[in-house]
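A.B. asks: what's the 3D shape of this:
(one chain, ligands or ions: 1)
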Amino acid sequence: MPDRTNRQFRLAARPAGLPKPTDWELTTESVPAPREGEVLIQVLYVSIDPAMRHWMNEGRSYTEPVQIGDVMRAGTVGCVIESRNRNFRVGDCVVGGQGVQLFAISSGRGLRKVDPALAPLPAYLGGLGVTGLTAFFGLLEVGRARAGDTVVVSAAAGAVGSVVGQLAKIGGSRAVGIAGGRDKCAYLLDIGFDAAIDYKSENVEQALDEHCPHGIDVYFDNVGGDILDSALAQLARGARVVLCGAISQYNLTTAVRGPTNYLSLLFSRARMEGFVTSDYKERYEAAIQKLARWRAEGRLQLREDIVDGLEAFPETLLRLFRGENTGKLMLKVAEV
Ligand SMILES: NC(=O)c1ccc[n+]([C@@H]2O[C@H](COP(=O)([O-])OP(=O)(O)OC[C@H]3O[C@@H](n4cnc5c(N)ncnc54)[C@H](OP(=O)(O)O)[C@@H]3O)[C@@H](O)[C@H]2O)c1
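C.D. replies: Here you go, the predicted structure:
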């Protein structure tokens, strides 16, 4: 009989600034049996996302905060190991929000079956999961990218950004990525970006001027702060600024900094619009089919950055804010 002891990371305190080890409690519990209508899931991979930092805060957001003492919310891929729900069978692979833990009971609500024959399971947390869908709907619906556009994306070597640039290329746009460091910039050129800007060693505004001679038609913002201001300074007429995230602001203990160059929106007759990916839930399946086809055709390269073991969770989360990940960051918490 395999070990069925559950272990969980629970929120112990609301962090000020970067989360500290004392903001977490690692708890151990026995695994309950599912009741009628429920399934027991063994979690295999846990998604590590910048949004986790929001969920740890109290206050207004697009979703409820995680409460002190709760298992930390997280997207997961897992496997049904017991079922008393007729929609799921033992052995089904499922994506859901089972949190940072090894096992979870679910009523089936919010669970989606995924096909391991179509793509390896980690892809369903990355390019064929929420981050890929964020790139898809953010670029094509909110950004309305068209052939011939110049698309610029920040945090370009990350989970969302790396897909944004590749989707821009698939749609006939020019893709310019902004990322931290030489290796990440080399990776961007490798997966087909037309140009890469290292914001740690280059003047971003000058580099954007050089790489976007006709201005930026779509700026897909993942970071906010100075980089957002540099991009706003280079907008083309009628540009769309997609407000996807602002990771440079998530751990500030002072007020979030708004865009200084916002009058550029006026001069450029431009639009800046925020969005939340889950608003597109009804259209996920169709988008995943497209993303999977591009992946199978070799037009969309997905990279995962996988860290072993549940215990690594607190340190792994910090890797996002230190820029230590390339591609989709996740934890592998069980042998597949
Ligand atoms: N709107 C939505 O529904 C939605 C859904 C999913 C994700 N998001 C947002 O999308 C963005 C990207 O998420 P992801 O999961 O793909 O993460 P990611 O890009 O894989 O990882 C985060 C990256 O951000 C960069 N970064 C960290 N601190 C930075 C700073 N101070 N200034 C500039 N860059 C910084 C780092 O790359 P470098 O080494 O290049 O600095 C890091 O690797 C986040 O803002 C996230 O909140 C939004």
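A.B. asks: now do the buried residues in stretch 159-170.
C.D. replies: Within stretch 159-170, the residues that qualify as buried are Ala159, Val160, Gly161, Ser162, Val163, Val164, Gly165, Gln166, Leu167, Ala168, Lys169, counting by 16 or more other CB atoms under 10 Å. C-betas here are computed from N, CA, C, even on glycine.
A.B. asks: widest-spaced pair of those?
C.D. replies: Maximum pairwise distance among the buried residues of stretch 159-170 (CB to CB): 17.2 Å, between Ala159 and Lys169.
A.B. asks: give me the element the residue most central in space within the chain is part of.
C.D. replies: Geometric centre of the chain, nearest residue: Thr131, 3.9 Å, by CA atoms, centre = their mean. Using DSSP states H and E, Thr131 falls within helix 130-137.
A.B. asks: quick one: average pLDDT of the helix or strand encompassing Ala186?
C.D. replies: Counting by DSSP H and E, the element that carries Ala186 is helix 182-190. Mean per-residue pLDDT for helix 182-190: 98.
A.B. asks: partners of whatever helix or strand comes next after that helix in the sheet?
C.D. replies: Once the chain leaves helix 182-190, the next helix or strand it forms, by DSSP H and E, is strand 195-198. Note on strand 195-198: by DSSP bridges, its sheet partners are strand 174-179 (parallel).
A.B. asks: can you list contacts of the strand it pairs with?
C.D. replies: Contact with strand 174-179 is made by 149-158, 161, 164-166, 168-169, 185, 187-188, 192-199, 204, 208, 211-212, 216, 223, 227, as judged by CB atoms under 8 Å, 6 or more residues apart in numbering.
A.B. asks: switch to 6 Å and redo it
C.D. replies: Contacting residues not belonging to strand 174-179 are listed as 150-154, 156-157, 165, 168-169, 185, 188, 193-197, 199, 211 [CB atoms under 6 Å, 6 or more residues apart in numbering].
A.B. asks: distance of Leu329 relative to Gly238?
C.D. replies: As judged by CB to CB, to the nearest Å, Leu329 and Gly238 stand 35 Å apart.
A.B. asks: among these two, which residue is more densely surrounded?
C.D. replies: Shown here are Leu329 and Gly238; by other CB atoms under 10 Å, Leu329 has more neighbours (25 against 12).
A.B. asks: the more buried one belongs to a strand, doesn't it?
C.D. replies: Yes - the assignment for Leu329 is a strand, going by DSSP: H, G, I helix; E, B strand; the rest coil.
A.B. asks: that one pairs with what?
C.D. replies: Asp305.
A.B. asks: that one is in contact with Asp49, isn't it?
C.D. replies: No - the criterion here is CB atoms under 6 Å, and Leu329 misses it with Asp49 at 7.9 Å.
A.B. asks: residues in the stretch 101-250 of the chain within reach of the ligand, list them.
C.D. replies: 130-131, 134, 155, 157-161, 179-181, 184, 222-223, 244-248 (CB under 6 Å from any ligand atom).
A.B. asks: which among those count as buried?
C.D. replies: Neighbour counting by 16+ other CB under 10 Å classes 130-131, 134, 155, 157-161, 179-180, 184, 222-223, 244-248 among these as buried.
A.B. asks: OK, contacts around the closest residue to Thr326 other than its chain neighbours?
C.D. replies: Of all residues not flanking Thr326 in the chain, Ala157 sits nearest, at 5.1 Å (CB to CB, 6 or more residues apart in numbering). Going by CB under 6 Å, 6+ apart, Ala157 touches Ala179, Lys184, Tyr187, Leu188, Thr326.
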